[in-house]
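Novice: dropping a prediction and its sequence here:
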Amino acid sequence: MKLLSKTIAIFLLFLVLHPANAQVNEGLLAGSWLGTLDAGGVQLRVIFNISVGEEGELVTTLDSPDQGASGIALGETVQWGDSIRIEAPMLLGRYLGKVNSETSMQGVWTQGGNNFELNLEKQKEAFRLNRPQEPQPPFPYGEEEVIIENVTQGFALGGTFTIPAGEGPFPGVVLVSGSGSQNRDEEIFGHKPFKLIADQLARNGIAVLRYDDRGMGASGGNPAGSTTADNAGDARSAIDYLMKRDEIDHSKTGIIGHSEGGLIAFMLASAHDDIAFVISLAGPGVDGKTILLEQSEYISRLSGVDESVREDNRIVMSRIYDLMISHESREEWSVKEQEFTNEYYSGLENSEYTEEVIERINNNILSSIPASAYPWMRFFVMSDPSSYLGSVRCPVLALNGEKDCQVLPEKNIGAIRERLQESGNQNVTTQILPGLNHLFQNCETGLPAEYGVIEETFDPHTLELIREWIVSL
């Protein structure tokens, strides 16, 4: 589960420009201009790519590398004197800037009524994320583009089957991603952790199947309205495909699931004896409501949010999740949500929550859980891994990063271990890995703001731990 959206939804600003004195040559503006936006403690790099069109007009696109977005078409770009205005109608935003030199610009980005300083530096060449671990050809193994039929749902998933060199049959692994629609590499912030995991395992004699989530890349199906149970059905289709391959040792085929993918792995292993092992990477061990409340509290605390604000948020969100559990209809839930939120905040003594602020809170809650995502969210809030863990008989390796802010390690790893062992499964290995975040990167704070800034995609020692554990089975 990833906390941050991959869409550009948090851009901001406003600037009162001084009258321009000098005319800036449009050609000097052409190029890539990089700046960093401080969006409530989250550092986001922003790149305006400015070019000159056939008729001399300025054309601009926007990249947000830390949110995995590039080439976003912007609106009118107007330059007068030493000032520039870039409209972004699709983002409900605008940039106003003043050119200080051939390589620097100061300005402000406005979005959604919020205003933030955004100063830019012209780059000598196109900006590229540095991802030194990303596998590069030539590869000492084979890769095959495959089609995975989901017979039950009536669509196909596109995937990549990575086949080790040498004589088979090989142990096999299906990679299952976390929440949100993701491609087969589980790409986020320019990182491709599943591609790296597949590369490392295939180099060591383990075949890997990874696939695009429904509605992504080469996969059919519609993610709107789907739940974790539906995603588990997709993962089961991938297992079925792998079991039909002659290169695979069917007695040594398992699942590696990241975040929500860990929950899916336990769901499938509890119901299917042909799954030989499960590796849970930051998978939940407690119910979804607890996961979300503790995630919000921990991230807010690390980000310096006032204790009283955190407490108000905890009370409101706890009630909102309870309302979600009791209302299958989003329409009914949204009515109850607004009633409760209005009543709670307006009833606080000495409250700074004006009607306008309360309305903004309600809008944020409703927009973060649109109708298309409501079934998924409701299912997740109600999910309880313990109901599946008691029936998992295969070997389990459960790993969490010590600084994971999204699936807190102690409580979740402890719950996984205790439930498996009390049900009689003694082949259980659990570890909390020092210094790692939710993506298994070495980090400072573990906050999601670091994910895109960190160049490391996945901790090498954890990759080796995974390989050794599978080989030892």
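Specialist: Perfect, thanks for sending it. Numbering: from 1, shown residues only.

Novice: for the strand or helix carrying Trp469, buried residues please.
Specialist: Assigned by DSSP states H and E, Trp469 falls within helix 460-472. By 16 or more other C-beta atoms under 10 Å, the buried positions in helix 460-472 come out as Thr462, Leu463, Leu465, Ile466, Arg467, Trp469, Ile470. Placement of C-beta: from N, CA and C, glycine included.

Novice: report the rounded mean pLDDT for it.
Specialist: Helix 460-472 shows a mean pLDDT of 98.

Novice: same deal with stretch 250-257?
Specialist: Across stretch 250-257, the average pLDDT comes to 97.

Novice: residues in contact with it: which ones?
Specialist: Contact with stretch 250-257 is made by 169, 171-176, 197, 235, 239, 242-243, 261, 263-266, 268-269, 274-281, 283, 394, 466, 470, 473, as judged by C-beta atoms under 8 Å, 6 or more residues apart in numbering.

Novice: in that stretch, what's buried?
Specialist: For stretch 250-257, burial by neighbour count (16+ other C-beta under 10 Å) applies to Lys252, Thr253, Gly254, Ile255, Ile256, Gly257.

Novice: same check on stretch 144-159?
Specialist: Val146, Ile148, Asn150, Gln153, Phe155, Ala156, Leu157, Gly158, Gly159.

Novice: what about the residues you listed, which are in strands?
Specialist: Counted as lying in strands by DSSP state E, out of these, are Val146, Ile148, Asn150, Phe155, Ala156, Leu157, Gly158, Gly159.

Novice: what sits opposite the fourth one in the beta ladder?
Specialist: Which is Phe155. Asn150 (DSSP bridges).

Novice: contacting residues around it?
Specialist: Arg214, Ser219, Gly220, Gly221.

Novice: so the third one, which of the three states?
Specialist: In terms of secondary structure, Gly220 is coil; the call rests on DSSP: H, G, I helix; E, B strand; the rest coil.

Novice: pretty sure it is touching Arg214, no?
Specialist: Yes: look at Gly220 against Arg214 with C-beta atoms under 8 Å: they come within range, at 7.0 Å.

Novice: hmm, who's touching stretch 422-433?
Specialist: Stretch 422-433 is contacted from outside by 389-402, 409-410, 413, 416-417, 420-421, 440, 459, 461-462, 465, 469, using C-beta under 8 Å, 6+ apart.

Novice: keep only those of these that are in strands.
Specialist: Using DSSP E, the contacts of stretch 422-433 in strands are Val396, Leu397, Ala398, Leu399, Asn400, Gly401.

Novice: just the residues you listed now: which is nearest Val78?
Specialist: Taking C-beta to C-beta as the measure, Val78 lies nearest Gly401 of these, at 46.5 Å.

Novice: Asn437 is in contact with that closest one, correct?
Specialist: Yes: the criterion here is C-beta under 8 Å, and Gly401 meets it with Asn437 at 5.1 Å.

Novice: list residues touching both of those two?
Specialist: Counting by C-beta under 8 Å, 6+ apart, the residues touching both Gly401 and Asn437 are Cys443, Gly446.

Novice: surely Ala69 meets Asp63?
Specialist: Yes: with contact defined as C-beta under 8 Å, Ala69 reaches Asp63; the gap is 6.7 Å.

Novice: quick one on the thing from earlier: centre of the chain to the helix holding Trp469, how far?
Specialist: 24 Å (C-alpha atoms, centre = their mean, to the nearest Å).

Novice: now the helices for the stretch 201-350 of the chain?
Specialist: For the stretch 201-350 of the chain, the helices defined by DSSP state H, counting those that start in this stretch cover 228-243, 260-271, 288-302, 307-326, 330-346.

Novice: between those helices, which one is closest to Arg45.
Specialist: Closest of these to Arg45 is helix 288-302, at 20.3 Å (criterion: C-beta to C-beta).

Novice: what's that closest one packed up against?
Specialist: helix 307-326, helix 374-382, helix 409-422 (3 or more C-beta pairs under 8 Å, 6 or more residues apart in numbering; DSSP states H and E).

Novice: same thing but at 10 Å, please
Specialist: Judged by 3 or more C-beta pairs under 10 Å, 6 or more residues apart in numbering; DSSP states H and E, the packing partners of helix 288-302 are helix 260-271, helix 307-326, helix 374-382, helix 409-422.

Novice: turn these into CSV, columns for mean pLDDT, distance to Gly97 and mean neighbour count.
Specialist: Formatted as CSV, those follow (pLDDT from 0 to 100; distance: least, C-beta to C-beta, whole Å; neighbours: other C-beta atoms under 10 Å):
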stretch, mean pLDDT, distance to Gly97, mean neighbour count
helix 260-271, 98, 40, 26
helix 307-326, 96, 33, 15
helix 374-382, 97, 39, 19
helix 409-422, 97, 43, 19
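
Novice: redo these as JSON lines? Include distance to Ser104.
Specialist: Listed next are the helices and strands packed on helix 288-302 as JSON lines, based on distance: least, C-beta to C-beta, whole Å:
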{"stretch": "helix 260-271", "distance to Ser104": "43"}
{"stretch": "helix 307-326", "distance to Ser104": "37"}
{"stretch": "helix 374-382", "distance to Ser104": "44"}
{"stretch": "helix 409-422", "distance to Ser104": "43"}
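
Novice: closest one to Glu187 among these?
Specialist: Shortest distance between Glu187 and these, using C-beta to C-beta, is found for helix 260-271: 14.4 Å.

Novice: please state the offset of the closest one from the chain centre?
Specialist: That offset, for helix 260-271, works out to 19 Å (C-alpha atoms, centre = their mean).

Novice: likewise for stretch 170-183?
Specialist: So, by C-alpha atoms, centre = their mean, the centroid of stretch 170-183 is 14 Å from its chain's centroid.

Novice: still on that earlier bit, ok, which of the helices and strands packed on helix 288-302 comes nearest Glu355?
Specialist: Among the helices and strands packed on helix 288-302, helix 307-326 sits nearest to Glu355 (C-beta to C-beta), with 16.1 Å.

Novice: and that closest one with helix 330-346, angle?
Specialist: Calculated by axes from the mean of the first three to the mean of the last three C-alpha atoms, to 10 degrees, helix 307-326 forms an angle of 150 degrees with helix 330-346.

Novice: any idea of the angle helix 307-326 forms with helix 288-302?
Specialist: 160 degrees.

Novice: where do the strands of the stretch 51-200 of the chain begin and end?
Specialist: 58-64, 69-73, 77-80, 83-88, 93-99, 104-111, 114-117, 120-122, 141-150, 155-164, 170-176 (DSSP state E, counting those that start in this stretch).
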